[in-house]
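1. for reference, the sequence and a predicted model appear below.
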Amino acid sequence: MSVTVIPHWGAWLIGLLVLLGLLLLDLAHHGLVARFDDWAFAKMPHQPDNRFWNLVAWVGEPWAVVVYVLILTVALLVIHEEQAAAWVLWTLGIGNVLGIITKKTLKRERPGAHLEHDDGYSFPSGHVLGGTTLYLMVVELWPIWPVIVIGGVAWLLVASSRIILRAHHISDVAGTVLFAGAWFIISTLLYQLIF
C-alpha cells in the first residue's frame, strides 16, 4: 500500500489555490459569492431541530474524525503499513492546525441563526475539513467502488449538515473543500519526498 501523487498535481494544486484565493477575495469585498450565500439562505429551509441533521453533524464532529483517524492508524499499523499510518496522522493533524490558524486569522462570522454550540468562526469548517481530508485519504488507500460511494455519501451528508443547520455559509463549505483538496495534494507530495 502506498500513497501516490495525483497525475498533473501541479495543475490541480494551482487550480485549487487560485479558486480558493478568488473565493476569499470575493468574500472580503462582499461580492457575488457572499450575495449568493445570502440569497441561498433566504431560499433554504432552516432546520435547527432536525434530529437527522444534528446526528449527521455529531458523527462528523472534528473530534470524531480524529477518533476515526486514530482507528485507521492502528489498523494500518496492524497490517505493517507504518509509512501510510504516519501519513494519515500528519495529513489530518497538520491539516487541522492549518485550519485553526486560518480560522483565527480570517475571523469570518458564522451565519445568523446558527446553533448555539457552533461557536467560533465560520471559515474553514472543521467538520468539512476533517471529513474531506478523511475521505480523500481513505479513497487514496483503498480506491474501490464501495469505499468511494459509501465514503462519498457520508462526506456529502456531513458537508450538507453544516449548511442545513446554518453552521456555515455555502461558500465556507465550498472553500473548505478547496482548502482540504490543496492540503491533501501537498501532503501526498510530502509523502513521496519523505518515503
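-> Okay, I see it.

2. now for the helix or strand hosting residue 186, which elements pack on it?
-> Secondary structure from DSSP states H and E places residue 186 in helix 170-194. Judged by 3 or more C-beta pairs under 8 Å, 6 or more residues apart in numbering; DSSP states H and E, helix 170-194 is in contact with helix 9-28, helix 32-43, helix 82-106, helix 126-141, helix 145-164. To be clear about C-beta, it is placed using only N, CA and C from the backbone, and glycine gets the same treatment.

3. which of the residues in it are buried?
-> Using 16 or more other C-beta atoms under 10 Å as the test for burial, helix 170-194 gives 170-189, 191.

4. please apply the same query to stretch 150-169.
-> The neighbour-count check on stretch 150-169 (16+ other C-beta under 10 Å) flags 151, 154-155, 157-159, 161-169 as buried.

5. out of the helices and strands packed on helix 170-194, which one sits most buried?
-> Mean neighbours per residue, mean count of other C-beta atoms under 10 Å, is largest over those for helix 126-141, with a mean of 24.

6. between that helix and helix 145-164, how big is the angle?
-> 170 degrees (axes from the mean of the first three to the mean of the last three C-alpha atoms, to 10 degrees).

7. send me helix 126-141 as CSV with only the CA atoms.
-> Taking Å, rounded to 0.1, in the frame of the first residue of the first chain, the C-alpha atoms of helix 126-141 are listed here in CSV:
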residue,chain,number,x,y,z
GLY,A,126,-13.8,21.9,10.9
HIS,A,127,-16.4,19.3,10.1
VAL,A,128,-15.8,19.7,6.3
LEU,A,129,-12.0,20.0,6.6
GLY,A,130,-11.7,16.8,8.6
GLY,A,131,-14.4,14.9,6.7
THR,A,132,-12.9,15.9,3.3
THR,A,133,-9.4,15.0,4.4
LEU,A,134,-10.5,11.7,5.8
TYR,A,135,-12.5,10.8,2.7
LEU,A,136,-9.6,11.6,0.4
MET,A,137,-7.1,9.6,2.5
VAL,A,138,-9.4,6.5,2.7
VAL,A,139,-10.1,6.7,-1.1
GLU,A,140,-6.3,7.0,-1.7
LEU,A,141,-5.6,4.0,0.4
